[in-house]
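Asks: can you look at this prediction? I've put the sequence above it.
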Amino acid sequence: MTDDELQAKGRDLRQEMFNLRIQQQSGQIEKPSRIRQLRRDVARVETILNQRRNAKPQGGAPSP
């Protein structure tokens, strides 16, 4: 997946998590474990994006 696709997936997962939290507050949630799963999926996406950002060469002066 490209960075853009991962960012879009992260947004979708966060939106779904938000909707499930609202359902949880109103007592209508069917699978409470889904919130935990989504939280972990968001963390996975963020980890991959951060690893890619850190792996890219950064411009600037070299360290002494």
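Replies: Here it is on my side, so go on.

Asks: so where's the protein shaky on pLDDT?
Replies: 58-64 (pLDDT under 70).

Asks: most centrally placed residue in it?
Replies: By C-alpha atoms, centre = their mean, the chain has its centre lying nearest to Val42, at 2.6 Å.

Asks: element containing Asn50, please.
Replies: Per DSSP states H and E: Asn50 is located in helix 33-55.

Asks: on that earlier part again, what's the spacing between the residue nearest to the centre of the chain and Ser26?
Replies: Val42 is 22 Å from Ser26, where distance means C-beta to C-beta, to the nearest Å. Quick note: C-beta positions are derived from backbone N, CA and C, even for glycine.

Asks: again, but for Ala8
Replies: 28 Å.

Asks: neighbour-wise, which of those two wins?
Replies: More neighbours surround Ala8 than the other of Ala8 and Ser26, with 13 against 8 (other C-beta atoms under 10 Å).

Asks: where does that one sit, in terms of helix or strand?
Replies: Assigned by DSSP H and E, Ala8 falls in helix 3-26.

Asks: tell me what angle that helix forms with helix 33-55.
Replies: 150 degrees (axes from the mean of the first three to the mean of the last three C-alpha atoms, to 10 degrees).

Asks: tell me which strands and helices helix 3-26 is in contact with?
Replies: helix 33-55 (3 or more C-beta pairs under 8 Å, 6 or more residues apart in numbering; DSSP states H and E).

Asks: give the buried residues for the helix it packs on.
Replies: For helix 33-55, a neighbour-count test (16 or more other C-beta atoms under 10 Å) marks 35, 38, 41-42, 45 as buried.

Asks: tell me the contacts of Arg34?
Replies: Leu20 (C-beta atoms under 8 Å, 6 or more residues apart in numbering).

Asks: distance of Glu16 relative to Asp41?
Replies: Taking C-beta to C-beta, one finds Glu16 at 9 Å from Asp41.

Asks: go on, Asp3?
Replies: In terms of C-beta to C-beta, Asp3 sits 17 Å off from Asp41.
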